[in-house]
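Undergrad: Predicted structure and sequence below. I'll ask about it afterward.
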Amino acid sequence: MKSNINRIGLGFLIAFFLISGGLLAYDVFFVWPVKACEERGQWWDDQDRICAVPVPLSVITGRHIRPAPRPVQPAPPAKAAVQSPTKR
């Protein structure tokens with residue numbers, strides 16, 4: 001009876017290359033585009049697989065955004081003059 005070690009080894013080698021190729025393809029088509037998009041500061045849409053630029057709501061509605069009024073801060077209290085102790 002002939003040994004099947006060579007066939008089993010070849011099968012594992014083929015399986016290894018198929019799995020490695022699948023993982024590489026997953027990275028190239030699914031992971032790398034997301035990373036590249038987020039590095040540019042844009043948003044990735046998983047449903048449509050597109051990289052989009054965030055648009056402020058004021059651009060869509062045409063309303064101008066007014067800055068919030070600043071609260072008035074009281075002036076810091078005046079510091080009392082510190083006198084050094086005299087030596088006797």
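TA: Received the coordinates, thanks. Predicted model only: the values in this text are computed from it and were never measured.
Undergrad: So residue 10: helix, strand or coil?
TA: Under DSSP: H, G, I helix; E, B strand; the rest coil, residue 10 falls in the helix class.
Undergrad: ok, it to residue 16 distance?
TA: Separation of residue 10 from residue 16 (Cβ to Cβ, to the nearest Å): 11 Å. (Glycine included, C-beta is placed from N, CA and C.)
Undergrad: the helices in the protein, which residues?
TA: Using DSSP state H, the helices found in the chain span residues 5-26, 32-39, 57-61.
Undergrad: ok now do the residue nearest the centre of the chain, which residues does it touch?
TA: In the chain, the residue lying closest to the centroid (Cα atoms, centre = their mean) is residue 38, at 5.4 Å. For residue 38, the contact set (Cβ atoms under 8 Å, 6 or more residues apart in numbering) comprises residue 44.
Undergrad: if I look at it, how far off is residue 45?
TA: 12 Å.
Undergrad: ok, back up a step: and the helices of the chain, which one averages the lowest pLDDT?
TA: Among the helices of the chain, helix 57-61 carries the lowest mean pLDDT, at a mean of 82.
Undergrad: Could you give the separation of that one from the chain centroid?
TA: With Cα atoms, centre = their mean, to the nearest Å as the basis, helix 57-61 stands 25 Å off its chain's centre.
Undergrad: Then stretch 5-24?
TA: Relative to the centre of its chain, stretch 5-24 is centred 34 Å away, using Cα atoms, centre = their mean.
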